[in-house]
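> Okay, structure incoming, though there's no sequence with it:
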Ligand code: FMN
């Protein structure tokens, strides 16, 4: 029997009760600019677990302070962060959902204001120097933050930061870790020839440009428990077909390289490396075709998650039933409707397959 949206997904020793994941979404809501979660993070994440999603992922959580997009981003660079996040993971698990964390470094796209404050680069005392594979700032209408080319020591320090973050994430009670290598942030900047002009072992051809991500995946896998899944989010394409850029073919090859290192699922997103990108469509399921290509063309058995424009239960269910992906990753629709998964179960006549909180029983 083929799987559908409410068939549990087994990854290693972890079972997701259904195939709906809350996509990582920055909340820019750390009040003291210290990377510590607030009541907002608790409410935001736990209410999506109450809403029935099988997996709830945090926003991009910075492995070091310099890796935050904005000063208000969440972080996991100290034990205090792990302690504070433990309350959230406990509450997510209590709802029968699996808590996941996105481990992130913003690279040259760090040091910006929150979107609702304009999103411009912060260049004064409040900002900070960013690091990237090459000393080229992200081209921004409002100027740019100074960007330094990473030295060999910087590369080693970033690998260590991801490893330490993974150890802390496990202590905080997360059961899935996702390495953020998409959307033009640090690891994507290494992958793409648009942003990586290094001449050392971390630049050049495909092997060199993918080296840092492969090393981080191996390092995180060493400290991440054998029973717990490891995801990697990529931008399947740079959407810059007119120049030497990252392509879907590169993504398929990358999936084949990451699976043997212990990566269990490719979370397939797109774009973000350069403002010149041309997105062919932002309609329903606009990135699904890339997930399907990776799923059908990879030689490994890595699982695949599709994200982008998934807004209806039927669409999410069809994705799984038709074998285009193993996980339906839902972002903005979860902001509109924290109970997306319960609504989907009701609409697809699958309420027997979800845990409706007893307090809400009469509503579903
Ligand atoms: N993607 C990430 O990988 N990490 C993030 O922290 C992140 N923050 C986001 C914050 C907001 C408010 C939104 C709307 C999107 C963010 N994204 C982030 C992208 C989403 O995870 C998702 O890939 C994108 O919104 C497309 O999916 P959707 O059409 O279901 O919203």
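All right, it came through fine. All values derive from a computational prediction rather than experimental measurement. Numbering: from 1, shown residues only.
> From here on, just use CA atoms for contacts and neighbour counts.
Fine.
> Next up, the contacts around residue 173.
Counting by CA atoms under 8 Å, 6 or more residues apart in numbering, residue 173 makes contact with 86, 89, 90, 99.
> can we see that at 6 Å?
Contacts for residue 173 (CA atoms under 6 Å, 6 or more residues apart in numbering) come out as 86, 89.
> How about the one 5 residues further on?
Each residue near residue 178 by CA under 6 Å, 6+ apart is listed here: 102, 103, 230, 231, 232.
> Partner strands of the helix or strand harbouring it, with direction?
Element membership for residue 178 (DSSP states H and E) is strand 176-181. If you go by DSSP bridges, strand 176-181 pairs up with strand 98-104 (parallel), strand 230-235 (parallel).
> From the contacts of residue 178, pick out the ones that also neighbour the ligand.
Subset of those in contact with the ligand: empty, counting by CA under 6 Å from any ligand atom.
> In TSV: those, plus distance to residue 259 and neighbour count.
Formatted as TSV, the contacts of residue 178 follow (distance: CA to CA, whole Å; neighbours: other CA atoms under 10 Å):
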residue	distance to residue 259	neighbour count
102	18	25
103	18	26
230	10	25
231	10	26
232	10	24
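> tell me which of those residues is nearest to the ligand?
For those, the minimum distance to the ligand (CA to the nearest ligand atom) is 7.1 Å, reached by residue 102.
> Near the ligand, which residues of the stretch 201-350 of the chain? Just list them.
Counting by CA under 6 Å from any ligand atom, the residues of the stretch 201-350 of the chain close to the ligand are 269, 307, 308, 309, 310, 330, 331, 332, 333.
> Tell me the buried residues within these.
Those of these that meet the buried threshold are 269, 307, 308, 309, 310, 330, 331, 333, by 16 or more other CA atoms under 10 Å.
> any idea which of the residues you listed is closest to residue 240?
For those, the closest approach to residue 240 (CA to CA) belongs to residue 269, at 14.8 Å.
> and the closest residue to that closest one other than its chain neighbours, how many residues sit next to it?
Nearest residue to residue 269 in three dimensions, chain neighbours excluded: residue 235, at 4.7 Å (CA to CA, 6 or more residues apart in numbering). Residue 235 has 27 neighbouring residues, counting by other CA atoms under 10 Å.
> Residue 235: what's it in contact with?
Counting by CA under 6 Å, 6+ apart, residue 235 has contacts 182, 269, 270, 271.
> can you pick the most crowded of those?
Counting by other CA under 10 Å, top hit in the contacts of residue 235: residue 182 with 27 neighbours.
> buried set for the strand holding residue 178?
176, 177, 178, 179, 180, 181.
> swap in stretch 315-333?
By neighbour count on 16+ other CA under 10 Å, the buried set for stretch 315-333 is 315-317, 319-321, 323-331, 333.
> just stretch 4-12 next, same as before
The neighbour-count check on stretch 4-12 (16+ other CA under 10 Å) flags 4, 5, 6, 8, 9, 11 as buried.
> Would you agree the fifth one is in contact with residue 21?
Right, the one you point to is residue 9. No - counting by CA atoms under 6 Å, residue 9 stays clear of residue 21, with 11.2 Å between them.
> Distance from the longest helix seen in the chain to the middle of the chain?
The longest helix of the chain (DSSP state H) is helix 152-171. Relative to its parent chain, helix 152-171 has a centroid offset of 17 Å by CA atoms, centre = their mean, to the nearest Å.
> now stretch 158-176
Chain-centre distance of stretch 158-176: 14 Å, with CA atoms, centre = their mean.
> how close does the closest residue in space to residue 186 that isn't next to it in sequence sit to residue 3?
Using CA to CA, 6+ apart and skipping the chain neighbours, the partner closest in space to residue 186 is residue 107 (4.0 Å). Using CA to CA, to the nearest Å, one gets 38 Å for the distance from residue 107 to residue 3.
> who has more neighbours, the two?
It is residue 107, of residue 107 and residue 3, that has more neighbours when counted by other CA under 10 Å, with 28 against 15.
> which ones are touching the more buried one?
If you count contacts by CA under 6 Å, 6+ apart, then residue 107 has 131, 132, 185, 186 around it.
> Hmm, residue 106 and the last one touching each other?
What it means is residue 186. Yes - between residue 186 and residue 106 there is a contact at 5.3 Å, judged by CA under 6 Å.
> Of those two, which one has the most company?
Neighbour tally, residue 186 and residue 106, criterion other CA under 10 Å: the higher count belongs to residue 106, 31 against 28.
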